[in-house]
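Peer 1: Below is the structure, and that's it, no one-letter string:
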C-alpha cells in the first residue's frame, strides 16, 4: 500500500514541472517583448536626437535661401546592435519680400530589417523673414493702406498712419501657398487654440470659406497664420491674443470690437475692418481699404517684423 502511495507522486511532479516550464516560457516571452518595446523607444529617441542636433547645426552654419537641395550630413553607429544610421538635410524655400524657408532633417537606419518598427525620424522647422521694405513700414507707421481709410477720426491724436500708399502684398503668394500646401498645420487650429493655444507654428488655412477666432477667446502662444485668397479670417468681439502673432491674409480680414493684439503684424491683400475699442500694437497693412468702426488704438512696433522661427517638430513622412 505504501509503495502505491509513493508511486503516485510521479504524475504530480510531472504536472508541476510542466506548469513551471509554461510559466518560465511566459516570463521569457514577456521579457523579450519588453526588451523589444524598450529598444524601439530607445532607437526612436536616438534618431530624433540625431535629427534635432543636425537641425541645430545647419541653422548655425548656413543662411536661409530658396534653393531646394538635399545633402548627407553625417553617419553614425548606434548601440546596442551596432546599427548604421545616416542623417540627411533637406532645405527649400519660397517668397521674396516675405521669405518662407523650411529645413527638414531625416535620420534613418540603413538596411533596416522587417522586424524593426522605427526605421527613421524626420524633424523640421520653418523660418520666415521680412525684407527691408516691411522693416521701414513698421518703423514708421502703425497703419498703412493702399485704398481709402474710413474712420481716421477715431484714432487717438498723434497716431502715425498712411492711406493711398503702395502696400506690396507678396506678389509671389501663389508660390508661397504651393510651398505651404500639405507642409503646415491647419485643420485642427480651432481645437488647438481652445485646448493649448498656438504652438509657435506656421498655419495655412484654406477651403473656400471662413475661419474665426471665437468671441471672448483668449489665445496663448505665438504663430504665423496664412489664409488663402478664398478663405476669410474673422477675429470675433473681445478675443484677446497674449503673444506675438503674424497674419498674412489673402482674403478680407474682420477684427471685431474690443479685440486685443499686443504684438501683431497684419498684412492683408484686400480690405480690413476694425471694430471699436480694439487695441493693436504693431503694423496693420492692407492692400485694399481700411474701415474703423469706432474709437480704437493702433500703435507702431517695429519688432513685429523680426524673423519668425517655428518650433522644431516631427514631420509627416509624406510632407
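Peer 2: All right, it came through fine. Remember, predicted model here, so these are calculated numbers, not experimental data.

Peer 1: Only C-alpha atoms from now on, for both contacts and neighbour counts.
Peer 2: Fine.

Peer 1: Is residue 101 in contact with residue 92, as I believe?
Peer 2: Yes. Counting by C-alpha atoms under 8 Å, residue 101 touches residue 92, with 5.9 Å between them.

Peer 1: tell me the contacts of the residue nearest the centre of the chain?
Peer 2: Nearest to the mean C-alpha position of the chain, counting by C-alpha atoms, centre = their mean, stands residue 201 at 2.5 Å. When contacts are counted by C-alpha atoms under 8 Å, 6 or more residues apart in numbering, residue 201 touches 126, 184, 185, 222, 223, 224, 310, 311.

Peer 1: in the sheet, who's paired with the first one?
Peer 2: To tie it back to what came earlier, the one meant is residue 126. Going by DSSP bridges, residue 126 is paired in beta bridges with residue 102.

Peer 1: Tell me how far it lies from residue 263.
Peer 2: Going from residue 126 to residue 263 by C-alpha to C-alpha, to the nearest Å gives 20 Å.

Peer 1: quick one: low-confidence ranges for the stretch 201-319 of the chain?
Peer 2: 317-319 (pLDDT under 70).

Peer 1: Neighbour count for residue 101 and residue 92, which is higher?
Peer 2: Taking neighbours as other C-alpha atoms under 10 Å, residue 101 and residue 92 compare with residue 101 leading, 24 against 18.

Peer 1: ok, now which ones touch that one?
Peer 2: 64, 65, 66, 91, 92, 93, 94, 126, 127, 128.

Peer 1: Which two among those residues are spaced furthest apart?
Peer 2: 91 and 128 (13.6 Å; C-alpha to C-alpha).

Peer 1: Residue 216: how many residues sit nearby?
Peer 2: Neighbours of residue 216 (other C-alpha under 10 Å): 14.

Peer 1: nope, residue 60 is what I was after
Peer 2: If we define neighbours as other C-alpha under 10 Å, then residue 60 has 9 of them.

Peer 1: for the stretch 1-150 of the chain, which spans come out with low pLDDT?
Peer 2: 1-8, 31-32, 35, 61-65, 114-115, 117.

Peer 1: run the last query once more with 50
Peer 2: Filtered on pLDDT under 50, the stretch 1-150 of the chain yields the residue ranges 1-2.

Peer 1: Residue 179: which element?
Peer 2: Counting by DSSP states H and E, the element that carries residue 179 is helix 173-180.

Peer 1: and that helix, which residues are buried?
Peer 2: Within helix 173-180, the residues scored as buried using 16 or more other C-alpha atoms under 10 Å are 173, 176, 177, 179, 180.

Peer 1: Show the secondary-structure elements that it is packed against.
Peer 2: strand 83-94 (3 or more C-alpha pairs under 8 Å, 6 or more residues apart in numbering; DSSP states H and E).

Peer 1: Show me how far the strand it packs on is from its chain's centre.
Peer 2: Mean C-alpha position of strand 83-94 versus that of the full chain (C-alpha atoms, centre = their mean, to the nearest Å) differs by 19 Å.

Peer 1: In its sheet, which strands sit next to it, and in what direction?
Peer 2: Going by DSSP bridges, the partners of strand 83-94 are strand 69-78 (antiparallel), strand 98-109 (antiparallel).

Peer 1: now these in CSV, with distance to residue 143?
Peer 2: Below are the strands paired with strand 83-94 laid out as CSV (distance: least, C-alpha to C-alpha, whole Å):
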stretch, distance to residue 143
strand 69-78, 39
strand 98-109, 18
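
Peer 1: Return the most buried member of the ones you listed.
Peer 2: strand 98-109 (a mean of 24; mean count of other C-alpha atoms under 10 Å).

Peer 1: Kindly calculate the angle that that one makes with helix 173-180.
Peer 2: 20 degrees (axes from the mean of the first three to the mean of the last three C-alpha atoms, to 10 degrees).

Peer 1: Strand 98-109: how far from the chain's middle?
Peer 2: Distance, centroid of strand 98-109 to centroid of chain: 13 Å (C-alpha atoms, centre = their mean).

Peer 1: and what of stretch 309-319?
Peer 2: 7 Å.

Peer 1: So for that stretch, what gets flagged as buried?
Peer 2: Those would be 309, 310, 312, 314, 315, for stretch 309-319 by 16+ other C-alpha under 10 Å.

Peer 1: so where's the longest helix in the chain?
Peer 2: helix 9-61 (DSSP state H).

Peer 1: Can you tell me which helices and strands that one packs against?
Peer 2: strand 83-94, strand 98-109, strand 120-130.
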